[in-house]
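**Student:** What shape does this take:
(chains A, B, C, D, E, F, G and H)
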Number of protein chains: 8
Amino acid sequence: MTVKPTAATREPVATVDTAAIGAGAQEIPDLCFDFDRRRRTGLDETVFAQGKSAAQLDAILTLAHSRGAALLLTRLSVEKYTLLADRWQVSLDYCALSQTAFFAFQTPAAAAPPRVAVVAAGTSDAPVAREAERTLRFNGIGAMCFIDVGVAGLWRLTRSLDEISRFPVVIAVAGMDAALPTVLGGLIGSLIIAVPTSVGYGVATGGHTALNAILASCASGITCVNIDNGYGAACAALRALNSSKPA
Amino acid sequence: MTVKPTAATREPVATVDTAAIGAGAQEIPDLCFDFDRRRRTGLDETVFAQGKSAAQLDAILTLAHSRGAALLLTRLSVEKYTLLADRWQVSLDYCALSQTAFFAFQTPAAAAPPRVAVVAAGTSDAPVAREAERTLRFNGIGAMCFIDVGVAGLWRLTRSLDEISRFPVVIAVAGMDAALPTVLGGLIGSLIIAVPTSVGYGVATGGHTALNAILASCASGITCVNIDNGYGAACAALRALNSSKPA
Amino acid sequence: MTVKPTAATREPVATVDTAAIGAGAQEIPDLCFDFDRRRRTGLDETVFAQGKSAAQLDAILTLAHSRGAALLLTRLSVEKYTLLADRWQVSLDYCALSQTAFFAFQTPAAAAPPRVAVVAAGTSDAPVAREAERTLRFNGIGAMCFIDVGVAGLWRLTRSLDEISRFPVVIAVAGMDAALPTVLGGLIGSLIIAVPTSVGYGVATGGHTALNAILASCASGITCVNIDNGYGAACAALRALNSSKPA
Amino acid sequence: MTVKPTAATREPVATVDTAAIGAGAQEIPDLCFDFDRRRRTGLDETVFAQGKSAAQLDAILTLAHSRGAALLLTRLSVEKYTLLADRWQVSLDYCALSQTAFFAFQTPAAAAPPRVAVVAAGTSDAPVAREAERTLRFNGIGAMCFIDVGVAGLWRLTRSLDEISRFPVVIAVAGMDAALPTVLGGLIGSLIIAVPTSVGYGVATGGHTALNAILASCASGITCVNIDNGYGAACAALRALNSSKPA
Amino acid sequence: MTVKPTAATREPVATVDTAAIGAGAQEIPDLCFDFDRRRRTGLDETVFAQGKSAAQLDAILTLAHSRGAALLLTRLSVEKYTLLADRWQVSLDYCALSQTAFFAFQTPAAAAPPRVAVVAAGTSDAPVAREAERTLRFNGIGAMCFIDVGVAGLWRLTRSLDEISRFPVVIAVAGMDAALPTVLGGLIGSLIIAVPTSVGYGVATGGHTALNAILASCASGITCVNIDNGYGAACAALRALNSSKPA
Amino acid sequence: MTVKPTAATREPVATVDTAAIGAGAQEIPDLCFDFDRRRRTGLDETVFAQGKSAAQLDAILTLAHSRGAALLLTRLSVEKYTLLADRWQVSLDYCALSQTAFFAFQTPAAAAPPRVAVVAAGTSDAPVAREAERTLRFNGIGAMCFIDVGVAGLWRLTRSLDEISRFPVVIAVAGMDAALPTVLGGLIGSLIIAVPTSVGYGVATGGHTALNAILASCASGITCVNIDNGYGAACAALRALNSSKPA
Amino acid sequence: MTVKPTAATREPVATVDTAAIGAGAQEIPDLCFDFDRRRRTGLDETVFAQGKSAAQLDAILTLAHSRGAALLLTRLSVEKYTLLADRWQVSLDYCALSQTAFFAFQTPAAAAPPRVAVVAAGTSDAPVAREAERTLRFNGIGAMCFIDVGVAGLWRLTRSLDEISRFPVVIAVAGMDAALPTVLGGLIGSLIIAVPTSVGYGVATGGHTALNAILASCASGITCVNIDNGYGAACAALRALNSSKPA
Amino acid sequence: MTVKPTAATREPVATVDTAAIGAGAQEIPDLCFDFDRRRRTGLDETVFAQGKSAAQLDAILTLAHSRGAALLLTRLSVEKYTLLADRWQVSLDYCALSQTAFFAFQTPAAAAPPRVAVVAAGTSDAPVAREAERTLRFNGIGAMCFIDVGVAGLWRLTRSLDEISRFPVVIAVAGMDAALPTVLGGLIGSLIIAVPTSVGYGVATGGHTALNAILASCASGITCVNIDNGYGAACAALRALNSSKPA
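**Tutor:** Below you'll find the predicted structure:
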């Protein structure tokens, strides 16, 4: 397998004409889109909006529009969303809680049954859970959410356990001490992708305690992604679901 | 006080008679086996040998033998292995490199094709890679190993890429800066379970740099387990493979 | 309340004649015993053996013997125990698992019912649990131990929950991700004193993940002591039990 | 003891109809109240207001009002308090210093003597001390506060020592080097629950030095909770006081 | 070689008359310029604008103007730039992306071919890359930028590799897991100066993961500078280029 | 020596009547002044203004005024200064750079020669240097400042070295890599009190690198205080100067 | 540029026949040599001996011998060196101080003048300095060492400064507070590659303080490599020297 | 290359002829003694024995002997001491507790009164305290030790307080939570140089908690040195005592 830019991979490359954005060309770097990524990895290129200006995002959306491409935007704050050009604002399916937006997303004609359970320990973990759920939905996979089922009130989890255990992939979102993935891991056999969240204060600040607790879990076979990375957990779920398909 | 099981859960529980090991009963705690775990999670209870004495391990093996149970032992150092009772030493399938042992393992009659690729960046990562491979084999899943294919010499990886990409699950083992999972993640669509290793010195000491580099990977959907935890990566692979089976 | 050395507190001060130990007097510092501590805090001075030489310990035991005082020794390794003078070795009630020893301990005539539950997540946490249990016993309080009841196999904990919940004080010992105290905290109303242990590898090394997980627990009102500090947890339990006595 | 959702535990569950708050139902997760918690643990469910919107809090208060339930709110900033619906603002007993509020709190007919001493090292530790004091008051326990008695001016502590030592439970609040709990621990026999605070700069930033100093205290039997967690310390005190009651 | 203030080095020293800035002289410290630095190290003194007031910067520019000296300013935010005196604003060549400004910079008569490649992994790394490029330009060295060529889409890098490999010095700018310098290091023989960036969240926050990944690189001979320090990387490149000149 | 509250120490205690400040008495804790501190330690109580409200500071100044006491205020931001009551604003000798204020400070009739050198590596270290200088001045000790003499331009330091070496106490203020105290320590024999500053970015953020570099200095006998703690360095200098006086 | 395994690059690949080493083939991973690296990067593949067994090293030497290849071995401890086969021991040019060995190294006919200065702050930094010097020598570049010239005694450095400043590349090796590179950086214009060392105790343990001090250096354009990585510094120097050669 | 001194600095420099030690000259770096340091800083060069071989130490002692110089050796373990040449062993005044040795030390004819108090919190802090005391003694200053006076038993400190407060310089040695310097700082006015020790386990491991607690002390004007650095504290005390002498 060669990694050279073949004709096939070269074609989809697209360059945002940043000079047209209104800033000096020498100050705005090129963006280098990778519309071929789905063919290689099964995952579309996604726009991480944090750290990009509204002008840059407008240019990106213009480019995607001209190519007829759908886009997922993540970490798009309400403030930045309202700074986008009006025509892009109205055309986005925007969710403030998860700070995600769909561009040119086609709702599937017939809904498939959900294949992923997204389980969140507390209400404060909901933004991350929704980022995962919407990333899955954008990629054609339905998910069912179970929110506020942390183990401090164990019955909240156990009453849903039978239902959760039927999903092949479970995304478990938890902050603070993140005991939820461990308890789940001892009770069900699904693939568990845990997402630590930065919810909390004191030793929980930033989510590092939740991250380490998940990695050190006494339950076997729990996998983990970066703190607050609901998008990454969904991508991992997509990899698992895509790979298990019959060729 | 006894920690015996109630009627509901009693059957699969087994208590090691630690008094028979030769130490004062009040000083050796009970072990509480969970032979029912496979039914719940698809994973057998495994004996983490580190921190257990040879006498305790002998007792555990005696118990498993009496129940006709197979066991996987991990983190069993050569020193401790040679301290086991002779009859257990000869009956174990022991691998010094990965510090794992199979007890009462039945080689399957016909080999199934391997379903997991274990890819290791360097020679020093081999012990962790082998722990993963043998955990899989013990659970009936074959794995193919690709060792010493780190990205500092990129051609070593690219020449095997087509082959690797055909496996539904890839375990990527890497220490130091752990660039291997990121490069893999941009090139293939399989589920990737990365294992950081504690190989290295200076800022690489202990494996934290490798761990963080994996979690911060600019490739989407890479999952991670604890440092040096080849066993955990294999368990996660088993979860993914078990869950994707038709019901 | 004055903190000056009154006649009452000055009397119990005792100085170890370290010159008699055989080392140059200028090189061995004085030890300054606090036999009055029980009156002030309800806790006896305990000898932390780690970092003290066998000669120093022999001198301490000689002093205690001459005063008719009982002593608890903690962190007394087997190696150091065997270096003590023979007469002290035989007179000690030594426990290798917990590395504790009783000197001149009087077994109470009639056993009182145990008032503390010591709950440990795994077999590897047993040394710390036993340190707590023996510290309590030395101070006249019985404890009941529940070992290997971690939440990765939740039924092991729940089958004992009714019994555990009847104790006014519960010492919860757990390493790795230390999910046990959180689950307990949501199910029972007792005072919970959690002890993180240094069991584990990778991110669990040293016990900091367990410590932080306990401090960040999503269950309310869990208290914590230093890593591996079974002695301290027992002392806190003694404070709670002593303080709740009718005056 | 079973942890399944029995009829008894299912009844008190209440769901906030978040769709009525004015946001899209798919973006606001359910809240899952646990009105049965007092029966299990002796502690009411408390609303951690940080990270919840004013609209969510209004919905929660409406729900509690409809059930006739009292509520304690913590981490309710002045800014968020002023955003609540007017009818809830006037009905709350709000304390700006501690950022706590009582909802539907019934002042007891006759005051019981205080049973907890809350001791704070400096003026800057007062918010955390007051959070503890008010959490206790909400749960029917009186507390006496001793503020600005840090050990840099030791006479400030020693002149109150006799009085402090008469309380069965002492909550010791201190930032920076947190020497106060250690000095207290050597002088009194009460249960000491220490709360490190995030007061300070340089190495004291965030409260980690105070936390570690408390955990490493050379005084025996000091327990600790998370940084700035006055609420947690009060809950631990409630556990201790509840557990010591005659059955 | 003596380090005393010789006549030669004393002369270029210049003191900003801060009393003339409008603040009390006792509150504004002297600045001590080092116009002789170029002779010693080949690098001009540069003004680090962060932490300096607009008034201080005005005074510095006045002083440089009176001496006929050119200046490079770094970390000059847009906010601070707009607070400068009008005559200095119009005379600066200011770049908002990199927050750098040239004062009294003479564009060279004839452009020399670029001698440094500045390679950035992502669009978010562009500000740091541009700081390096402009620092080089100010010192008379041209650079060619390759932006958004991170290894998650490896073909983006490989299609430019032949071109990059012809530069004697390559500045590699990357955040998150910073795999770019490692991959480059295995493929080209140039001097590689890597700059970790603070782009990212969770474990990538602040750039420490990128920094450590670069230092632990499994490719040999990668050098590193501080996080976000594009200026420092350019200075190192200047050192390399200056030193290799025939004497 | 007894530490009890004697008549002598009890007298100077003063309580701020916080109820008069306008807030509910139960929400504002008492302040407990220690006007006797100078007799014990030679250092006046100083008001750390950070974390105190303008109302609290007004009350403190009123109390000090009524007692005829002079006060030093530190960490008094410009914003908070302008919120003080007008009569206190005009009566304070306020320095914005160091955020310090003198209240009721008596300029000495005749100036004594300065006894402390305050040496700062860079312009950005000046606020901390001035905090030290003004703390000394308030306590009757003159200091001479040497600003912007960092070792990156070594001649700036060496030309002042003879003068610096004549002071018995040198306060060395430096951020980033803090090489200044080490170089000074190898060249002069004075007591050196180093203050790391939080100047810098990347690995220098927060001043921890400067702090550790000072503590690890290869020059012998360098002492250190907390990051940015110019006040503490001045207090240490006062201790040294007070202690060396003939009795 | 393609990264596929061309005929040219495929040829030099060599596989160590680990089965011949005497261990079970399934337990010893393949080694994948990269004899083509010099053509790509100018640096030979080097054997990092740490973590490899003597048997593995013997096999590697046998392979190199059969191919007529020269090898550099690093981190080869005295203990492991003495375990090698006798014929390899006698054929190695081994240096115990730096733990490096040359295999089949050809001393050049005529010595070229040294082009790199290796400057070490203390005697304890000598092993790292020698690793750098010998790596350079193995690659045909002479180096001059200046040992024990740390800045605590500044005259030791300044008396050699003129000589050092004549080298185009300076490797500066320093532990503890690592002030040496900063002082050098302000005085000379050469490319400076700093190597922090793990010499020291307390905050200097492990070399992290030295590393951070170098990265935060107030001198411009200092580059850095991993702690104790003398080999890497030499490789960086080779990159600089190779790249500056006329094409 | 020689590192010999120039005429200006030549006289006090001495080079150890390391070739005579028996190792290859190219492998053992030169040592560069600084016998002139006392004139500049008032402190003799001291030999830090850790990390130096017995052969190197023998050579150093031979050199010192030939020059008639006295030497202080620190961190000289018992194991290394017994490896020294016999003639040096017998001529050293060696202290195993503090791991220090005096070479050619002249006991002063008449003892001066001690001028420094060395106060240690616990018995385990004695080695560090003795290192300080012996460093002072070697430099002609007597010290009085107060060992095991930690604040957990406050009366142990207060009964010695009047005596301690009479010393102009107090070295306070403490591990764990290091509350001793804070309590001292509020009670006496002497210069306080605190030394954190690495005594303890869990969060106290390595001494970082003690270090941070001292730096964050709520008592004013406490200075600090590196962990376990009794030698450095003594050097700081010498600086203070030397500087306060009348010129």
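**Student:** Please enumerate the strands of chain A.
**Tutor:** Along chain A, the segments classed as strands by DSSP state E run A:47-48, A:71-74, A:92-95, A:100-103, A:116-120, A:143-146, A:169-174, A:191-196, A:222-224.
**Student:** just checking, which of the ones you listed sits deepest inside the structure?
**Tutor:** Highest mean neighbour count of these: strand A:191-196, a mean of 32 (counted as mean count of other CB atoms under 10 Å in any protein chain shown). For every residue, glycine as well, the C-beta is placed using N, CA and C.
**Student:** now the angle from that one to strand A:169-174?
**Tutor:** 20 degrees (axes from the mean of the first three to the mean of the last three CA atoms, to 10 degrees).
**Student:** just to revisit the earlier point, which one, of the strands of chain A, ends up nearest to chain F?
**Tutor:** strand A:47-48 (22.0 Å; CB to the nearest CB).
**Student:** Off-centre distance for the closest one?
**Tutor:** 10 Å (CA atoms, centre = their mean, to the nearest Å).
**Student:** same thing with stretch A:41-54?
**Tutor:** For stretch A:41-54, the distance to the chain centre is 10 Å (CA atoms, centre = their mean).
**Student:** neighbouring contacts of that stretch?
**Tutor:** A:33-35, A:37-38, A:57, A:60, A:70-77, A:80, A:83-84, A:99, A:135, A:139, A:231, A:235, A:238-239, A:242, B:185-189, B:220-221, E:123-124, E:199, E:201 (CB atoms under 8 Å, 6 or more residues apart in numbering or on different chains).
**Student:** what distance separates the start and the end of it?
**Tutor:** 29 Å (CA to CA, to the nearest Å).
**Student:** Flag every buried residue along it.
**Tutor:** A:41, A:42, A:43, A:44, A:45, A:46, A:47, A:48, A:49, A:51, A:52, A:54 (16 or more other CB atoms under 10 Å in any protein chain shown).
**Student:** Tabulate those in JSON lines, adding columns for pLDDT and distance to residue D:65.
**Tutor:** JSON lines is the format used below for those (pLDDT from 0 to 100; distance: CB to CB, whole Å):
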{"residue": "A:41", "pLDDT": "77", "distance to residue D:65": "52"}
{"residue": "A:42", "pLDDT": "76", "distance to residue D:65": "50"}
{"residue": "A:43", "pLDDT": "80", "distance to residue D:65": "47"}
{"residue": "A:44", "pLDDT": "75", "distance to residue D:65": "47"}
{"residue": "A:45", "pLDDT": "74", "distance to residue D:65": "49"}
{"residue": "A:46", "pLDDT": "89", "distance to residue D:65": "43"}
{"residue": "A:47", "pLDDT": "90", "distance to residue D:65": "44"}
{"residue": "A:48", "pLDDT": "91", "distance to residue D:65": "43"}
{"residue": "A:49", "pLDDT": "91", "distance to residue D:65": "40"}
{"residue": "A:51", "pLDDT": "80", "distance to residue D:65": "44"}
{"residue": "A:52", "pLDDT": "84", "distance to residue D:65": "45"}
{"residue": "A:54", "pLDDT": "90", "distance to residue D:65": "42"}
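**Student:** With respect to chain D, which of the residues you listed is nearest?
**Tutor:** Taking CB to the nearest CB as the measure, chain D sits nearest to residue A:49 out of the buried residues of stretch A:41-54, at 17.6 Å.
**Student:** Quantify the burial of residue A:227 by counting its neighbouring residues.
**Tutor:** 23 (other CB atoms under 10 Å in any protein chain shown).
**Student:** quick one: it and chain B, what's the gap?
**Tutor:** 8 Å (CB to the nearest CB, to the nearest Å).
**Student:** Contacts only, for that residue.
**Tutor:** Neighbours of residue A:227 in contact, by CB under 8 Å, 6+ apart: A:195-198, A:206-208, A:210-211, B:215, E:201-203.
**Student:** Which pLDDT value does the model give it?
**Tutor:** Per-residue confidence (pLDDT) for residue A:227: 98.
**Student:** swap in residue A:122?
**Tutor:** For residue A:122, pLDDT reads 87.
**Student:** Including distance to residue A:113, could the buried residues of stretch A:41-54 go into JSON lines?
**Tutor:** Putting those into JSON lines (distance: CB to CB, whole Å) gives the following:
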{"residue": "A:41", "distance to residue A:113": "25"}
{"residue": "A:42", "distance to residue A:113": "20"}
{"residue": "A:43", "distance to residue A:113": "22"}
{"residue": "A:44", "distance to residue A:113": "23"}
{"residue": "A:45", "distance to residue A:113": "28"}
{"residue": "A:46", "distance to residue A:113": "25"}
{"residue": "A:47", "distance to residue A:113": "29"}
{"residue": "A:48", "distance to residue A:113": "30"}
{"residue": "A:49", "distance to residue A:113": "31"}
{"residue": "A:51", "distance to residue A:113": "37"}
{"residue": "A:52", "distance to residue A:113": "36"}
{"residue": "A:54", "distance to residue A:113": "38"}
